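> sharing a model prediction with you, sequence too.
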Amino acid sequence: MAIDLHALVPSRQPLGHSHAGAIYLRRAGFEIHECVNFSSIFEAYSAGVSRAAPSDDSIVLLVHDDVEFDLPPTDFVALLRSQLDDAGVAGDADGGGKGMHTQPLGSSRHTFMPAMFM
């Protein structure tokens, strides 16, 4: 079964067809959900999740509009899937870091992807 990939991208203005991050994510197989002109990033992401209506098996990426990716799109998705397959692992973004940083969280399953690969 194919897993739906959703990317929620808050921005003050529509991204447009030439936005590098949106192009990258589309190439990686993500459906882009623009969250335009919300008063906070939290409201934007909340509205984006409601609009995307992901299933329990979907992957939802919360990503800023100024993110740059430095992996081929297929490698990014492979990394994302491999980390999500590791139940009980969480990661966090490190603005200057490479790849994914993980830490065990007992039996809970929370995964946060870094927004920038350098």
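Arrived safely. Residues are numbered from 1 along each chain as shown.
> pretty sure P54 sits against A7.
No: P54 is not in contact with A7 according to C-beta atoms under 8 Å; the separation is 11.1 Å. For glycine as for every other residue, the C-beta is placed from the backbone atoms N, C-alpha and C.
> which residues do those two both contact?
Residues touching both P54 and A7 by C-beta atoms under 8 Å, 6 or more residues apart in numbering: V60.
> neighbour count: the two, which is higher?
More crowded of P54 and A7, by other C-beta atoms under 10 Å: A7, with 24 against 18.
> how about the more buried one, phi and psi?
Main-chain dihedrals, A7, degrees, to the nearest 10: phi -120, psi 120.
> just the pLDDT at the nearest residue to Q13 once chain neighbours are set aside, thanks.
Nearest non-adjacent residue to Q13, counting by C-beta to C-beta, 6 or more residues apart in numbering: V36, 6.8 Å away. pLDDT, V36: 95.
> count of residues packed around the nearest residue to I41 once chain neighbours are set aside?
Spatial nearest neighbour of I41, chain neighbours left out: P10 (5.2 Å); criterion: C-beta to C-beta, 6+ apart. Look at P10: counted by other C-beta under 10 Å, it has 22 neighbours.
> quick check: phi and psi at P10.
phi -80, psi 140.
> show me where this structure has strands.
5-11, 31-36, 59-62, 89-91, 102-104 (DSSP state E).
> picking that back up, how close does the residue nearest to Q13 get to H64?
13 Å (C-beta to C-beta, to the nearest Å).
> what do the two both touch?
Contacts common to V36 and H64, judged by C-beta under 8 Å, 6+ apart, are P10.
> point out where this structure drops to low pLDDT.
1, 87-118 (pLDDT under 70).
> name all residues that make contact with the most centrally placed residue in the chain.
Residue closest to the average C-alpha location in the chain (C-alpha atoms, centre = their mean): L61, at 2.1 Å. Contacts for L61 (C-beta under 8 Å, 6+ apart) come out as 5-8, 25, 30, 80, 113.
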